[in-house]
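Peer 1: just coords:
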């Protein structure tokens, strides 16, 4: 095992094209998925906080249930849609990077929305009263909330990032772990472990850890300075 | 509360362990998926009272598990790697058990026209020339090793978008080939087991180059003293016995024989 | 003018006012103990609570312990103008800050200023919008004596343009500065003094 670690470090710092490709694929797919999920989930989280409407509680608990869905279930649902026999079977999306992005966006969506919604409830109630008394309309309130809650929103986005970059079910089922195409850090780890080659698995695991740590570190610094 | 936790812990322990030490068998997904083990093992267990834990992985990993002494016996199909496993001192008492064969499957319209190929090498060459989608296991399994050997014979290094290495099991590989309307190479057993669910057909088979022999090897107790060598040998002897060999020949899926016994001629 | 104002949280009636009148450009103090309904009354007058029936148009409410938005003092004071897309924001902010005695505070971070300064930034943030009525909730709570004096000065300065209604439990301050004192007890107006 110690030998594996040594080799892992060697692989990490050597110019390994394949490792680089895998890492870049993971980052590209994760960032795209999180952006797409954020576009829909952040406004939803804010609206859920700002407005009272009939199905609000239902939506909130639905989001919570979605969060508990295992990634393989989401993978399976999207798979059945994209498969040849599925309703989107003619789109030829299955086993492409786009399929992974679709699945991972669905994965990140409820998490980001719930976290934004939960985080906003911690915002001072004086905040919304101040906005209203200064004459802010819905649009102004929406924009000001994004500005004021930027750390809440950012940490929701990062939580989404964390969930997506670390998941394996969706990427494996929808991407198919195709070498130099849809192979991501996690599917590669799964593959390398199944081959009994722990070195590359460890290398990729280390990279995953470094990515996670540096993102949290940057966030920490930013919060401290602002 | 403390009592409750204690009881809970005891129950968990009781559920988690068995008082008999089972035999750990690492084998390939193909033997597990075909249902062969499910058919053979209960008989072995009643004959010897030895329980068998099956760890179904790719051949590469199965051999690695053997090298690490994590299992007691391996049943795999990769003759070269098997021989190396023995000469490196990790395994002892290798025996031929049985064989099945590989087939090349694809969509019926056969864009690469491999149905007309004379042998497996030519079939793969046609796929490469047509740049027809080909899904490779890419997982270092016995099937993958076999496929790589076949490619080596063609003199072609398969690369490009048409050649997809997916690093997954046979089932997932066949599924992807089915979804992408591509070609792949599979053991006949897995194909037969899946043929109702897919549209792919056997387009090429019957070549000697596609035969797939399985061997069983005990993990060397001198390398790993803690392995269950006695049970491993009992299993090897049983599997190569007349009774088990007969059972293997009788094993059918969808009315077709999947494996051909090799231990007794 | 307000008639028959009733306000309840669930079943507990916290305000029950028969009649209440405010005249233009005067300073009103609402005095009362904690829980007498002062804050509720101010929020109703601003339309933050209850029906819009009692809302005074063009009024702005300033919290006890006001909350500043993150960012700079400028961001805070300019907020109302920005959402109204007004012009000459820089100058107007400068004037507003001068009025509350916080010249050159524009670029200070709102989290780095003192409680008294926060109070005055919040007042500048409201006054820059030239409200007809300014509703101040306990403006003298939690600030030092110097700030209290500054507040008096500010209120006198804006008196000719703005009606001020403030809640307080500081009798001395209220007497010194207000034209009229409204005593609130258990949600009811006791008597109108002076």
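Peer 2: Nice, I can see it. These numbers come from a predicted model, not from an experiment.
Peer 1: ok but residue C:121 is inside a helix, no?
Peer 2: Yes: judged by DSSP: H, G, I helix; E, B strand; the rest coil, residue C:121 forms part of a helix.
Peer 1: measure it to residue A:208 for me?
Peer 2: 45 Å (Cβ to Cβ, to the nearest Å). Quick note: C-beta positions are derived from backbone N, CA and C, even for glycine.
Peer 1: All the strands of the stretch 101-250 of chain B, in order from the start?
Peer 2: B:134-136, B:163-165, B:183-187, B:201-204, B:211-219 (DSSP state E, counting those that start in this stretch).
Peer 1: which secondary structure elements does the second one contact?
Peer 2: Yep, that's strand B:163-165 we're talking about. strand B:134-136 (3 or more Cβ pairs under 8 Å, 6 or more residues apart in numbering or on different chains; DSSP states H and E).
Peer 1: May I see the buried residues of the strand it packs on?
Peer 2: B:134-136 (16 or more other Cβ atoms under 10 Å in any protein chain shown).
Peer 1: out of the strands of the stretch 101-250 of chain B, nearest to residue B:33?
Peer 2: With Cβ to Cβ, the closest approach to residue B:33 among the strands of the stretch 101-250 of chain B belongs to strand B:183-187: 9.0 Å.
Peer 1: Tell me the neighbouring strands of that closest one, and mark each as parallel or antiparallel.
Peer 2: strand B:91-106 (antiparallel), strand B:134-136 (parallel) (DSSP bridges).
Peer 1: Where does pLDDT dip in chain A?
Peer 2: A:1-15, A:226 (pLDDT under 70).
Peer 1: Which strand or helix spans the residue sitting nearest the centre point of chain C?
Peer 2: A centroid search over chain C (Cα atoms, centre = their mean) returns residue C:136, at 1.9 Å, as the residue closest to the centre. Counting by DSSP states H and E, the secondary-structure element that holds residue C:136 is strand C:133-137.
Peer 1: Check which helices and strands that strand sits against.
Peer 2: helix C:38-46, strand C:59-62, helix C:115-127, strand C:163-168.
Peer 1: Any idea which of those gets closest to residue B:27?
Peer 2: In terms of Cβ to Cβ, the element of those nearest to residue B:27 is helix C:115-127, at 72.2 Å.
Peer 1: contacts for that closest one?
Peer 2: Residues outside helix C:115-127 that contact it (Cβ atoms under 8 Å, 6 or more residues apart in numbering or on different chains) are A:133-134, C:60, C:62-63, C:65-68, C:73, C:76-77, C:79-80, C:93, C:96-97, C:99-102, C:105, C:110, C:113, C:134, C:136, C:139, C:142-144, C:146-147, C:150-151, C:154, C:158, C:162.
Peer 1: do the same with stretch A:21-33
Peer 2: A:97, A:100-101, A:104-105, A:107-108, A:161, A:164-165, A:171, A:175, A:180, A:182-186, A:188, A:204, A:207, A:211.
Peer 1: Quick one: name the residues of chain A near chain C.
Peer 2: A:124, A:126-127, A:129-130, A:132-137, A:140, A:144, A:147-148, A:226 (Cβ under 8 Å from any Cβ of the partner chain).
Peer 1: One more pass at 6 Å, please.
Peer 2: Contact residues, chain A versus chain C (Cβ under 6 Å from any Cβ of the partner chain): A:124, A:126-127, A:129-130, A:133-134, A:136, A:140, A:148.
Peer 1: what about the most far-flung residue of chain A relative to its centre, distance to chain B?
Peer 2: Distance from the C-alpha centroid of chain A, by Cα atoms, centre = their mean, peaks at residue A:133 (36.8 Å). Residue A:133 is 52 Å from chain B, where distance means Cβ to the nearest Cβ, to the nearest Å.
Peer 1: okay but that residue is in contact with residue C:62, surely?
Peer 2: No: at 7.9 Å, residue A:133 does not count as touching residue C:62 under the criterion of Cβ atoms under 6 Å.
Peer 1: Tell me who's in contact with residue B:153.
Peer 2: Contact analysis of residue B:153 by Cβ atoms under 6 Å, 6 or more residues apart in numbering or on different chains lists residue B:121.
Peer 1: measure it to chain C for me?
Peer 2: Counting by Cβ to the nearest Cβ, the separation of residue B:153 from chain C is 69 Å.
Peer 1: Please apply the same query to residue B:28.
Peer 2: 60 Å.
Peer 1: follow-up on the earlier one: I'd like to know which of the contacts of helix C:115-127 are part of strands.
Peer 2: C:60, C:62, C:134, C:136 (DSSP state E).
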